[in-house]
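J.: the following comprises the amino acid sequence and a computationally predicted model.
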Amino acid sequence: MKKSIKEILAAKPIGQEVTVCGWVRTFRSNQFIAVSDGSCMQTMQVVVDHENTDPALLKRITTGSAVIATGTLIESMGKGQAVEVKARTIEVVGDADPDKYLLQPKKHSMEFLRDIAHMRIRTNTFGAVMRIRHALAYAIHHFFHERGFFYFHSPIITGSDAEGAGEMFKVTTLSLENTQKNKEGDVDFKKDFFGKATNLTVSGQLEAELAALALSRVYTFGPTFRAENSNTTRHLAEFWMIEPEVAFFDLKDNMDLAESMLKYVIAFALEHCADDIQFLKERQEQEESTKPQQERSTMDLITKLHFVVDNEFQRLKYEEAIQILINSTPNKKGKFQYPIEGWGTDLQSEHERYLVEKHFQKPVILTNYPKEIKAFYMRVDDDGRTVSAMDILFPSIGEIVGGSQREERLDVLTQRMEEMHIPLHEMDWYLDTRRFGTCPHAGFGLGFERLVLFVTGMTNIRDVIPFPRTPGNAEF
Ligand code: 4AD
Ligand code: MG
């Protein structure tokens, strides 16, 4: 395998012949080519040897063209790079018409870049985001593997729509023009591909619960789909979720696991993606400097990441959070869009952000929410009013993790399902876990893009996934 620029820069085989393959970023003074191959933030400087290079070839070296350059690696006299390649041969394997190539060496807006998917990934910003995304995914697998968890593959097409985590996308091969109706006048899903109505999954949790009650420690890491019409900087219609599920686990164990996982993966990125994070830190500082003083964040990206890794998350009950919010200045001054009326109010992101950014100024784990505002599978607390839920709230993100101890008692669970009008007969496969060897268990879901958003300091979740799907957008 040819060496990547990252590998060449790490080994620095001075005086030896190397081959650099990549795309031209800039071509200065008809002499210096900055080549990027995406392996790292740095480019490799390739120096043209005019005596052995056809002048016609030089015309084809333009921003975006693909080149293969072979020559000796030498120490660079110029500033900006330690080494450079004194080219013996340069080959242009793919031209990029300079009049049509949209990506010029200048700053482009994130919105503009979203429309040119293949060039977007060649920018410094997306390169950094994609490399960090990879590192975080790797770190997550590593974290769980080291702790004896098994990567469990929950289905993407599901025949169950009872999780209630959000609106679902239907999956069908039935003709939309003349749908066949049954005697009752409803769409006849018996004629559909699976012989029943199916959807894209909103979560792998219920299936992961089956696995946890057999393998003890499992996690899923897959795409999830929600057809909610949420046009925000934190919502995607297609996003990736990590869902660990553990047998003989209670709420405290669950909080400890989530907190240590978040710290581990963020520390991993800080260690292994230092250049990319440094670049994004500077980028964010530039963006911040254009904002009014009072809206600027007080911590730079690296300080913020260390802050999360080094500090204990604040754990508190929903009830305590409500008291803080009721007495908060924005609530008293009517500054919240959704005023806090008292116990039972569902928290909006403005409330979550107040707790994290203003009140505690660190990540918060909120627990024991009123059962009315949480899912049916969460374990009912002894007071009968709350459930053993936990949401982890992060600065500038809001909710990054949602989870709970699960209701393992069949009678309590079925009663809750009835109250919430969840069709019991469709959930028999799930209820069987409570019929045969049920046990206390718990788990949570981490939104992968929200994690990437936090670690990269980007402002819009659409810019941390290669091909964002949001209401009205499914390009490429
Ligand atoms: O809180 P949620 O809906 O929880 C579940 O789906 C549970 N089944 C998880 C579990 O206990 N196994 O979603 C979990 C996380 C959220 O905290 C958030 O980080 C992320 O998934 N998330 C989204 N991320 C991007 N776009 C969306 N539309 C999201 N909806 C949820
Ligand atoms: Mg949630």
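T.: Happy to help now that I have it. Ligands and ions are numbered 1, 2, ... in the order given.

J.: residue ranges with poor pLDDT in the stretch 1-150 of the chain?
T.: For the stretch 1-150 of the chain, the stretches flagged by pLDDT under 70 are 105.

J.: ranges for the helices of it?
T.: Applying DSSP state H, counting those that start in this stretch to the stretch 1-150 of the chain gives helices spanning 5-11, 55-59, 110-114, 117-120, 124-146.

J.: CSV please, covering those helices and showing distance to Lys196.
T.: For the C-beta atoms, the positions are set from N, CA and C on the backbone; glycine is no exception. CSV is the format used below for the helices of the stretch 1-150 of the chain (distance: least, Cβ to Cβ, whole Å):
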stretch, distance to Lys196
helix 5-11, 49
helix 55-59, 61
helix 110-114, 37
helix 117-120, 35
helix 124-146, 33
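
J.: which of those is buried the deepest?
T.: helix 124-146 (a mean of 19; mean count of other Cβ atoms under 10 Å).

J.: tell me if it is near ligand 1.
T.: No: Helix 124-146 is not in contact with ligand 1 by Cβ under 6 Å from any ligand atom; minimum separation 13.4 Å.

J.: and that helix, what does it pack against?
T.: On a contact count with 3 or more Cβ pairs under 8 Å, 6 or more residues apart in numbering; DSSP states H and E, helix 124-146 meets strand 150-151, strand 217-225, helix 251-272, helix 274-289, helix 448-456.

J.: for ligand 1, which of those is the nearest?
T.: Among the helices and strands packed on helix 124-146, helix 448-456 comes nearest to ligand 1, with 4.2 Å by Cβ to the nearest ligand atom.

J.: only alpha carbons, please: show that closest one as CSV.
T.: Provided in CSV are the C-alpha atoms of helix 448-456 (Å, rounded to 0.1, in the frame of the first residue of the first chain):
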residue,chain,number,x,y,z
PHE,A,448,-23.9,10.1,17.6
GLU,A,449,-24.2,13.4,15.7
ARG,A,450,-24.9,15.3,18.8
LEU,A,451,-21.6,13.9,20.2
VAL,A,452,-19.7,14.9,17.0
LEU,A,453,-21.3,18.3,17.2
PHE,A,454,-20.1,18.8,20.7
VAL,A,455,-16.5,17.6,20.0
THR,A,456,-16.1,19.6,16.8
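
J.: what about it, distance to the chain center?
T.: Distance of helix 448-456 from its chain centroid, counting by Cα atoms, centre = their mean, to the nearest Å, is 5 Å.

J.: one more: stretch 172-186?
T.: 37 Å.

J.: next: stretch 365-379.
T.: Counting by Cα atoms, centre = their mean, stretch 365-379 comes out at 24 Å from the chain centroid.

J.: ditto for stretch 43-58
T.: 41 Å.

J.: what residues does this protein have near ligand 1?
T.: Counting by Cβ under 6 Å from any ligand atom, the chain sits next to ligand 1 at 165, 203, 205, 226, 235-236, 239, 241, 243, 399-403, 443-445, 447, 449-450.

J.: ok, Val83 touching Thr72?
T.: No: applying Cβ atoms under 8 Å, one finds Val83 not in contact with Thr72, separated by 10.2 Å.

J.: sorry, back to before: of the helices and strands packed on helix 124-146, which is nearest Ala66?
T.: Ala66 sits nearest to helix 274-289 of all the helices and strands packed on helix 124-146, at 22.9 Å, using Cβ to Cβ.

J.: could you identify the helix or strand that succeeds the closest one?
T.: helix 301-310 (DSSP states H and E).

J.: next SSE after that following helix?
T.: Assignment by DSSP H and E places the next element after helix 301-310 at strand 314-317.

J.: and Glu320, helix, strand or coil?
T.: helix (DSSP: H, G, I helix; E, B strand; the rest coil).

J.: let me see the contact set for it.
T.: Shown in contact with Glu320 (Cβ atoms under 8 Å, 6 or more residues apart in numbering): no residues.

J.: what about it, distance to Ile365?
T.: 12 Å (Cβ to Cβ, to the nearest Å).

J.: need the residues touching each of these two.
T.: Here Glu320 and Ile365 share no contacting residue, scored by Cβ under 8 Å, 6+ apart.

J.: so what's the closest residue to Met261 other than its chain neighbours up against?
T.: Leaving aside its chain neighbours, Met261 sits nearest to Phe143 (5.4 Å; criterion: Cβ to Cβ, 6 or more residues apart in numbering). Residues counted as contacts of Phe143 (Cβ under 8 Å, 6+ apart) are Met261, Tyr264, Val265.

J.: ok, now Leu366?
T.: Per Cβ under 8 Å, 6+ apart, neighbours of Leu366: Leu316, Lys317, Tyr318, Ala321, Leu347, Glu352, Leu355, Met390, Asp391, Ile392, Leu393.

J.: part of a helix, is it?
T.: No: read with three-state DSSP, Leu366 is strand and lies in no helix.

J.: pLDDT at it, what is it?
T.: Leu366 carries a pLDDT value of 98.

J.: what bridges to it?
T.: Using DSSP bridges, the beta-bridge partners of Leu366 come out as Leu316, Asp391.

J.: ok, Phe27 - how many residues close by?
T.: Using other Cβ atoms under 10 Å, Phe27 has 20 neighbouring residues.

J.: make that Glu207, sorry
T.: Glu207 has 23 nearby residues by other Cβ under 10 Å.

J.: mind listing what the spatially closest residue to it that is not a sequence neighbour touches?
T.: Once flanking residues are discounted, Glu207 sits nearest to Ser154: 4.0 Å by Cβ to Cβ, 6+ apart. Contacts for Ser154 (Cβ under 8 Å, 6+ apart) come out as Thr201, Gly204, Gln205, Glu207, Ala208, Thr220, Gly222, Glu243.

J.: try 10 Å this time
T.: Ser154 is in contact with 201, 203-211, 218, 220-222, 224, 241, 243, 245, counting by Cβ atoms under 10 Å, 6 or more residues apart in numbering.

J.: quick one: buried ones out of those?
T.: The neighbour count (16 or more other Cβ atoms under 10 Å) marks 201, 203-211, 218, 220-222, 224, 241, 243, 245 as buried among the contacts of Ser154.

J.: His145: what's it in contact with?
T.: Tyr151, Tyr219.

J.: how near is it to ligand 1?
T.: 19 Å (Cβ to the nearest ligand atom, to the nearest Å).

J.: of the contacts of Ser154, which belong to helices?
T.: Gln205, Leu206, Glu207, Ala208, Glu209, Leu210, Ala211 (DSSP state H).

J.: test my guess that Pro471 contacts Arg462.
T.: No: look at Pro471 against Arg462 with Cβ atoms under 10 Å: they stay out of range, at 11.6 Å.
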